[in-house]
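Asks: Return a 3D structure for these sequence lines:
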Amino acid sequence: MTDGTSAALGQVGIWTFAYDGQPAGLVRESAAELEELGYGALWYGEAFGRDTVGQAWLLLSATRHLPVASGIANIAFREPLATAAAARTLGEAFPGRYVLGLGGHRVDGTVQEVDGYAVPTRTRALSTMRSYLDAMDAAPAHGPRPDPAPRRLLAALGPQMLKLAAGRTWGAHTYFVPVEHTARARALMGPDAFLGVEQAVVLDHDPARARDVATAHVAGYLSMAPHQEANVRRLGFGDEDLVGGPSRRLVEAIVAYGDVDAIRRRVQQHLQAGADHVCLQVLTASPTALPRAEWRELAPALLDRHTAPR
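Replies: Have a look, this model is predicted:
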C-alpha cells in the first residue's frame, strides 16, 4: 500500500499498554525518546487506565512528528458523537498524526446470569460496529474541520470484520495473530486497505525465561478473551493447543522471542505476508514497567534511520 499516511507510519512501530501505569511526565519523556529512536508510530491500548482521548493528547503533545494510534479506542466507553468530536479535535490540533483505531463490544441493555452474577449481554460485534460507524458519520460537525481528516481503523480478526474494515475505514489493526493470519487478512481486504499488525515479542537471550514470559502472555489472553481463542481455532489450532494451557506451537506462533534476529525475522515475515506496518508489543517479566531498554536495543536492528519519519 502506498498511501501517504501509510508511508508516514513506517514499517515498524511500538505498541504498549504500559503507559497506563506511569506518571504523565515519564510518558512524555518516553514518547519523545521513541520518536528520536526512529520508530514509525506509537500505538497504545485502552482498558482501565487513562482514557484514549487523554492518552492521545499526552503522547501527541510530547512528540513533534510521530504518528500516534489508538489500538484500540473501546466503543463501549463512549458514544459515537463523542468519539467523532474527539477525533476531529485531535486531527485539527495534530494534522496527519492521529489514527483512530476502533474496537471493543457494546451491551444491548439486557443482562444474563453467569455463575450467579448479572452480566450485561453483548451485542453482535459486526452489526454494532457498522452502526457505530454510521452514527459517527452522521454526527454534526461544527467549527474547523481537520485537514487531512484523521484516519480510522477497525480492530479486526474474523473475515467479515476484516471486510468491513476494508470497506468502511482506512483498514484493519490486528492483534494476537500469527503470520498466517496476516496473509489471510491481506487476501480478504485486497491490496489497497491498510493492515497494521501487532506483534508481541520477548527480547531475552535465555530461551526458557523468554518462553515463560511468552506463555504467560498467551495464556492470559486465552483465558479472558474468547474471541482470541475463536480466532486461533479458525487458523487450525485445536484442543491440543488450548486445553490445559497453550502449547509451545501456539505460543511461538503468537509471540516472537529470543534475540534481535529472531524478532527481525518475524517482522519481515509479516511484511512479506502483506502487512503495511508491524507494531511491536515488548513483553517482560514486569508487565507494568516500560521496556525502554528493549525498545532501545531493537531500534538499530529494525529501523532504517535514513527513511524513518521526521
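
Asks: pLDDT weak spots in the stretch 151-300 of the chain?
Replies: Across the stretch 151-300 of the chain, nothing is flagged by pLDDT under 70.

Asks: in its sheet, what does the lengthiest strand in the chain sit against?
Replies: Longest strand in the chain by number of residues (criterion: DSSP state E): strand 194-203. When pairs are called by DSSP bridges, strand 194-203 turns out to pair with strand 171-174 (parallel), strand 255-258 (parallel), strand 277-282 (parallel).

Asks: Now do the same contact list for L235.
Replies: By CB atoms under 8 Å, 6 or more residues apart in numbering, the contact set of L235 is 178, 180-181, 184. Backbone N, C-alpha and C define where each C-beta goes, glycine included.

Asks: Please tell me how far T174 sits from I254.
Replies: Plainly put, T174 is 12 Å away from I254 if you go by CB to CB, to the nearest Å.

Asks: Likewise for T16?
Replies: 17 Å.

Asks: again, but for D239
Replies: 17 Å.

Asks: Of those two, which one has the most company?
Replies: I254 (23 against 9; other CB atoms under 10 Å).

Asks: dump the residue contacts of E92.
Replies: Counting by CB under 8 Å, 6+ apart, E92 touches 144-146.

Asks: in whichever helix or strand it is part of, what counts as buried?
Replies: Taking DSSP states H and E as the definition, E92 sits inside helix 80-93. Within helix 80-93, the residues scored as buried using 16 or more other CB atoms under 10 Å are 80, 83-92.

Asks: helix or strand for A293, which one?
Replies: helix 292-302.

Asks: And the next helix or strand past the helix holding E92?
Replies: Downstream of helix 80-93, the next assigned helix or strand under DSSP H and E is strand 98-103.

Asks: quick one, what contacts the closest residue to A139 other than its chain neighbours?
Replies: Spatially, and ignoring its direct neighbours in sequence, A139 is nearest to A84 (4.0 Å; CB to CB, 6 or more residues apart in numbering). Applying CB under 8 Å, 6+ apart, we find A84 in contact with 136-137, 139, 141.

Asks: Let me know the closest of those residues to L203.
Replies: Among the contacts of A84, M136 lies closest to L203 (CB to CB), at 38.0 Å.

Asks: That closest one: which element?
Replies: Assigned by DSSP H and E, M136 falls in helix 125-138.

Asks: chain center to that helix, what's the gap?
Replies: The chain centre lies 20 Å from the centre of helix 125-138; the measure is CA atoms, centre = their mean, to the nearest Å.

Asks: Just the CA trace of the helix or strand just after it, in CSV.
Replies: Where DSSP H and E defines the elements, the next helix or strand beyond helix 125-138 is strand 151-155. Extracted in CSV, the C-alpha atoms of strand 151-155 (Å, rounded to 0.1, in the frame of the first residue of the first chain):
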residue,chain,number,x,y,z
ARG,A,151,-7.7,8.0,9.6
ARG,A,152,-9.9,5.3,11.1
LEU,A,153,-9.1,1.7,11.6
LEU,A,154,-11.0,-1.3,13.0
ALA,A,155,-9.8,-4.0,15.3
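
Asks: what does the next helix-or-strand element following strand 151-155 contact?
Replies: Using DSSP H and E, the helix or strand that follows strand 151-155 in sequence is helix 159-168. By CB under 8 Å, 6+ apart, the surrounding residues in contact with helix 159-168 are 125-126, 129-130, 133, 153-156, 171-172, 184-185, 188-190, 192-193.

Asks: Which among those residues count as buried?
Replies: Buried members of the contacts of helix 159-168, scored by 16+ other CB under 10 Å, are 125, 129-130, 133, 153-156, 171-172, 184-185, 188-189, 193.
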